[in-house]
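> Fold the following, please.
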Amino acid sequence: MNVRKVIRVSKTPVTLLLLLGILGYGAYWGYKQVTIDNSRPAATCVSQDVGKELTPDKVTVRVFNGGDTGGHAKRTRSFLIAFNFHVISFNNADETVATTTVIGNSADSPEVRLVAQMFRDSVTRGDGRADHVVDVIVPTKYQDLSTASDHPVTTVAVDGPVCLPVINTATESASPTPDESASPTATASKKK
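Residues are numbered from 1 along each chain as shown. As a prediction, this is how the structure comes out:
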């Protein structure tokens, strides 16, 4: 009988110690999860030898609608894909533009110049981005894209290796996949 009494009396403290241990481990795990650095590493480009000319199949592009009328980003995406550009997303811009604007590492980067010559009267800007992905922002007054009668030049002469993002065809999508941390132009509105 003595053993039963000892077991009965010791059940409560043992259970409490076990629960306290589980609670302590949960607090430790939660603290570790909160303090983990979840920031993405800065995307960088890789120097690639593309020969004497840069072609669209080496350039990664995001397309944004910088106007009030829907459908421009989607049409522009289809146009660029037809010329073998790697369009990884299309969405809406948080800025309104009056002219097709092409943004990249610098205004005169080969990949920016190649994309810009696909559009009439486009302007280029550089923002120092490390990944060398090119953003195209199309305006409300949609500028005509180069047509078959006015066939765009689809190469840019280069002198040496070009720093370009590594192309992962598995990440290319047929639907919008905004990456707001990678670009300051993505928004949640629905005017594509």
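
> quick one: what helix or strand has V102 in it?
strand 101-104 (DSSP states H and E).

> Adjacent strands (with direction) for that strand?
Here strand 101-104 is paired, per DSSP bridges, with strand 123-126 (parallel), strand 134-138 (antiparallel).

> Name the single longest helix found in this structure.
helix 2-35 (DSSP state H).

> After it, which helix or strand is next?
That would be, after helix 2-35 and using DSSP H and E, strand 46-48.

> So what are the sheet partners of that following strand and their directions?
Partners of strand 46-48 in its sheet, by DSSP bridges: strand 162-164 (antiparallel).

> Where does pLDDT dip in the chain?
Scanning the chain for pLDDT under 70 picks out 1, 37-43, 142-151, 167-192.

> per-domain residue ranges of it.
Domain assignment of the chain by automatic domain parsing yields the ranges 1-38, 46-171.

> Pipe these into CSV and attach mean neighbour count per row.
In short, each C-beta sits where N, CA and C put it, glycine included. Converted to CSV, these look like this (neighbours: other Cβ atoms under 10 Å):
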stretch, mean neighbour count
domain 1-38, 9
domain 46-171, 18
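
> where does stretch 116-123 sit relative to the chain's centre, distance-wise?
22 Å (Cα atoms, centre = their mean, to the nearest Å).

> same question, stretch 112-132
Distance of stretch 112-132 from the chain centroid (Cα atoms, centre = their mean) equals 16 Å.

> likewise stretch 52-71?
The answer for stretch 52-71 is 12 Å, by Cα atoms, centre = their mean.

> Extract the C-alpha set from it and format it as PDB.
In PDB, the C-alpha atoms belonging to stretch 52-71 read as follows (Å, rounded to 0.1, in the frame of the first residue of the first chain):
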ATOM      1  CA  LYS A  52      30.000  39.100 -79.600                       C
ATOM      2  CA  GLU A  53      26.300  39.700 -79.300                       C
ATOM      3  CA  LEU A  54      23.700  39.500 -76.500                       C
ATOM      4  CA  THR A  55      20.500  37.800 -77.600                       C
ATOM      5  CA  PRO A  56      17.000  37.700 -75.900                       C
ATOM      6  CA  ASP A  57      17.300  34.200 -74.700                       C
ATOM      7  CA  LYS A  58      19.900  35.300 -72.200                       C
ATOM      8  CA  VAL A  59      17.900  38.200 -70.800                       C
ATOM      9  CA  THR A  60      15.500  38.000 -67.900                       C
ATOM     10  CA  VAL A  61      12.600  40.400 -67.800                       C
ATOM     11  CA  ARG A  62       9.700  41.500 -65.500                       C
ATOM     12  CA  VAL A  63       6.800  43.400 -67.100                       C
ATOM     13  CA  PHE A  64       4.700  46.000 -65.200                       C
ATOM     14  CA  ASN A  65       1.600  48.000 -66.300                       C
ATOM     15  CA  GLY A  66       2.300  51.600 -65.400                       C
ATOM     16  CA  GLY A  67      -1.000  52.900 -66.800                       C
ATOM     17  CA  ASP A  68      -4.700  52.900 -66.000                       C
ATOM     18  CA  THR A  69      -5.900  50.500 -68.700                       C
ATOM     19  CA  GLY A  70      -5.600  46.800 -68.200                       C
ATOM     20  CA  GLY A  71      -4.000  44.100 -70.300                       C
END
